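Q: Here is my input; please provide its structure:
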Amino acid sequence: MLPNWIKNPTDKEFDKQDSELKAFVRLAGKIKNFYPRLPVAFTADGLYPNNTVFDICKNNNWKYIITLKDGNLTTVWQEIGFLDRINDNIKGQKFKRKPNLLITEDYKGFQNIGYQKHKLNIIEALIKKTPLKSTEGVPDKRFAHVTNFSLREQNLQEISYLGRMRWKIENEGFNEQKNTGYNLQHKYSRTSFIATQNYYQCLQIAHIINQLSYKSNTINKLIKGV
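A: Down below sits the predicted model:
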């Protein structure tokens, strides 16, 4: 547990609001200080593909897989469009069959695209789900990620999937705390931000203990079939 709170100073005037990106810079410094030799690979949403984040990861020798939205890094998308037209990319395809459903996953990888001082790799994934016994189609899903992992045909699916794992953090972490038995919702204190911090930190600890218990062999045996 290494939380970094987003908050504005209360004892002085400030020009700009605190933000996730500023908190990331502070958090990265803490992680590197506490765990200087820890291998790190992080996944993040479309707020984070920028030069500051790329610099921190390069200086710390960290890996990253970050969501790349269509409007982000315009020059990178222009280069991808050019490389796609001349078919200069790495391609991969996977098929999965579920009951009454065929899933086709098409991947494209683009390597060494220049962005300021950095060389970026991009993965695009198009997921198609075709019902086998129904005429109703399922909407296609498209994902794009920027990464500094080297790409090859054999690892496109894995890296794209790991980039999408941040949804698991969002939905099985914060969403579970807000909307299930933890009843977090929007707790706050009118008189003390420290009280809010303490409340949430205790809830985080409880959630971690629950997850570890739930995934233990003993508990797993007890809940099987229930």
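
Q: Which residue ranges make up each domain of this protein?
A: The chain breaks down into these domains under automatic domain parsing: 66-160, 165-214.

Q: okay if I get those domains as TSV plus mean pLDDT?
A: Listed next are the domains of the chain as TSV, based on pLDDT from 0 to 100:
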stretch	mean pLDDT
domain 66-160	90
domain 165-214	83
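
Q: which SSE is residue 122 in?
A: Counting by DSSP states H and E, the secondary-structure element that holds residue 122 is strand 118-131.

Q: who touches the helix or strand just after that strand?
A: Remark: after strand 118-131, the chain's next helix or strand is strand 138-147, criterion DSSP H and E. Applying Cβ atoms under 8 Å, 6 or more residues apart in numbering, the set of residues contacting strand 138-147 from outside is 49, 63-70, 73, 76, 101, 120-131, 159-160, 163-164. The C-beta positions use only the backbone N, C-alpha and C, and glycine is treated the same way.

Q: Show me what the host helix or strand of residue 207 packs onto, helices and strands only.
A: Taking DSSP H and E as the criterion, residue 207 maps to helix 193-214. Applying 3 or more Cβ pairs under 8 Å, 6 or more residues apart in numbering; DSSP states H and E, one finds that helix 193-214 contacts helix 175-179, helix 217-223.

Q: what pLDDT, on average, does the longest one get?
A: Helix 217-223 shows a mean pLDDT of 80 in the predicted model.

Q: heads up, I number from 44, so please use that
A: Done: numbering now begins at 44, and the last item shifts to helix 260-266.

Q: what's the offset of it from the middle of its chain?
A: 30 Å (Cα atoms, centre = their mean, to the nearest Å).

Q: Can you list the buried residues in that helix?
A: Buried residues in helix 260-266, counted by 16 or more other Cβ atoms under 10 Å: none are found.

Q: Return the list of helices and strands in contact with that helix.
A: Checking 3+ Cβ pairs under 8 Å, 6+ apart, helix 260-266 ends up next to helix 236-257.

Q: Swap in 7 Å and give it another go.
A: Using 3 or more Cβ pairs under 7 Å, 6 or more residues apart in numbering; DSSP states H and E, no helix or strand is in contact with helix 260-266.

Q: ok, the closest residue in space to residue 176 that isn't next to it in sequence - contacts?
A: In this structure, residue 176 finds its nearest non-sequential neighbour in residue 143, 5.0 Å apart by Cβ to Cβ, 6 or more residues apart in numbering. Listed by Cβ atoms under 7 Å, 6 or more residues apart in numbering, the contact set of residue 143 reads 174-176.

Q: among those, who's most crowded?
A: Within those, most neighbours by other Cβ atoms under 10 Å means residue 174, with 12 neighbours.

Q: ok, that residue touching residue 144?
A: Yes. Counting by Cβ atoms under 7 Å, residue 174 touches residue 144, with 6.0 Å between them.
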